[in-house]
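Asker: Got a predicted model here, sequence first, then my questions.
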Amino acid sequence: MKILVCISNVPDTTTKVKFKEENTLFDDSGIQWIINPWDELALTRAVELKEDDGNSIDEVCIINVGDAKADASLRKALAIGADKAIRIEANAADAYHVAGQIAEFLKENPYDIVFSGIESSDYNGSSVGAMIAEFMDYPGISSVTHIDFDDADIVLHRAIPGGKQKIKTTTPFVAVVQKGIANEPRIPAMRGIMMARKKPLEVKPAAEVEILTRSVKFELPQAKGACKMIEAEQAEKLVGLLKNEAKVL
């Protein structure tokens, strides 16, 4: 059984966001790129499943749609424990296009389980995993917080309003995972880093997939006002500010 983990290459969450060309393009100069946090948790769980002798997982592959800037993140994912990496040379600006590229790869290279993080920390679109399932006509399970094997069945836990749902499924399927799928992202050990240098990272040309959306303009949120300090005994003044200025009361 094989697992494919979708990896998005995103700016570090501490990045100061800037735009260029009259706010029509993201300025990626000087950016520190990282693995999307939700994808990193998905990869950690995939590696844990493979390392469990009670499972029949024999391969964990990672896939990314993007340019060469993603290679460092893919090498880190290999160091975490993935067996091989695929990068599809294409601009990853449109979710439909990204999902289509991954689906075209899957049609030629079937995998039993596809993991996708619930969203990327840059665009927060929350749509690629569901689109892959639709392209492939696979069952798509969203908000997955746990996955395990019970004999021949695969057991998934989903976060739902007010509780959780436990379901069983069969392969192939797409699991859109969120926080809880793994306790903590795995940190590459020195041995893993050394082994990653010898693992394959294959770059494939993009397929003919339509791009349905484009970014017209970006806007930064308005800067927050200065913090106002209120003396502890001035409760009435605080209530007045919350009501008249902050308008939260």
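Answerer: Great, that's in hand.

Asker: Pull the contacting residues for residue 142.
Answerer: Contact partners of residue 142, counting by CB atoms under 8 Å, 6 or more residues apart in numbering, are 118, 129, 130, 158, 176. From N, CA and C alone the C-beta is placed, and that goes for glycine too.

Asker: top of those residues by neighbour count?
Answerer: residue 129 (28 neighbours; other CB atoms under 10 Å).

Asker: State the next helix or strand along the chain beyond the worst-scoring helix or strand of the chain on mean pLDDT.
Answerer: Between all helices and strands in the chain, the lowest mean by mean pLDDT, DSSP states H and E belongs to strand 25-26, at a mean of 86. Next helix or strand after strand 25-26 toward the C-terminus (DSSP states H and E): strand 33-35.

Asker: That next one pairs with which strands, and in what direction?
Answerer: strand 9-11 (antiparallel) (DSSP bridges).

Asker: Can you give the distance of whichever helix or strand comes after the partner strand from its chain's centre?
Answerer: Toward the C-terminal end, the helix or strand that comes next after strand 9-11 (DSSP H and E) is strand 19-20. Relative to its chain's centre, strand 19-20 lies at 24 Å (CA atoms, centre = their mean, to the nearest Å).

Asker: Would you mind pulling up the elements that strand 19-20 packs against?
Answerer: Helices and strands touching strand 19-20, by 3 or more CB pairs under 8 Å, 6 or more residues apart in numbering; DSSP states H and E, are strand 25-26.

Asker: could you pull out the helices for the chain?
Answerer: For the chain, applying DSSP state H gives helices covering 37-51, 71-80, 95-108, 128-136, 190-196, 235-244.

Asker: for the second one, what is the average pLDDT?
Answerer: Averaged across helix 71-80, the pLDDT comes to 95.

Asker: For the top strand by length along the chain, buried residues please.
Answerer: In terms of residue count, the longest strand belonging to the chain (DSSP state E) is strand 140-150. The neighbour-count check on strand 140-150 (16 or more other CB atoms under 10 Å) flags 140, 141, 142, 143, 144, 145, 146, 147 as buried.

Asker: tell me which of these is nearest to residue 248?
Answerer: residue 143 (29.7 Å; CB to CB).

Asker: Save the helices of the chain as a markdown table, and put in distance to residue 14 too.
Answerer: Below are those laid out as a markdown table (distance: least, CB to CB, whole Å):
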| stretch | distance to residue 14 |
| --- | --- |
| helix 37-51 | 13 |
| helix 71-80 | 16 |
| helix 95-108 | 25 |
| helix 128-136 | 24 |
| helix 190-196 | 23 |
| helix 235-244 | 30 |
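
Asker: For residue 86, find the nearest of these.
Answerer: That would be helix 95-108 among the helices of the chain, by CB to CB, at 6.6 Å.
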